[in-house]
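A.B. asks: Build me a model:
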Amino acid sequence: MSSITYGLCAFVASLCAWLLLTAYFRSRYRLLLWSGLCFAGFTINNILLVLDKLIYADVDMAIYRAGVALASIMALLYGLIWDAE
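C.D. replies: Okay, the predicted model is just below:
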């Protein structure tokens, strides 16, 4: 059951990233860019979670997942705080 949940989380994050980035390329509204990049990072984070928990169970990838999640949140925070339109 956990493999279905991890897979759905990765799929939904990639769908959100795709929708946000395609909306950015249509409208050029910069908050959509930063949100799309954040969700792209969440997709990578969820893929690493699937690899960590299901495929490479003996390897701990927690530090990599945390690094990707931190970079994703930092991209969104940069867009929210310093990117003015």
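A.B. asks: packing partners for the top helix by length along the chain?
C.D. replies: Using DSSP state H to define each element, the chain has its longest helix at helix 2-27. Where contact means 3 or more CB pairs under 8 Å, 6 or more residues apart in numbering; DSSP states H and E, helix 2-27 is packed against helix 30-50. Bear in mind the C-beta positions are built from the backbone N, C-alpha and C, glycine included.
A.B. asks: Residues in contact with the following helix or strand past the helix it packs on: which ones?
C.D. replies: Moving toward the C-terminus from helix 30-50, the next helix or strand (DSSP states H and E) is helix 62-81. By CB atoms under 8 Å, 6 or more residues apart in numbering, the residues outside helix 62-81 that reach it are 30-31, 33-35, 37-42, 44-45, 48-49, 52.
A.B. asks: Buried ones from these, can you make that a PyMOL selection?
C.D. replies: In PyMOL, a selection of the buried entries from the contacts of helix 62-81 looks like this (16 or more other CB atoms under 10 Å):
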select buried, resi 33+34+35+37+38+39+40+41+42+44+45+48+49+52
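A.B. asks: Name the nearest of the contacts of helix 62-81 relative to D83.
C.D. replies: R30 (5.5 Å; CB to CB).
A.B. asks: Neighbours of the residue lying closest to the closest one once chain neighbours are set aside, how many?
C.D. replies: Distances taken as CB to CB, 6 or more residues apart in numbering place D83 nearest to R30, at 5.5 Å, with adjacent residues excluded. Residue crowding around D83 was assessed by other CB atoms under 10 Å; the count is 11.
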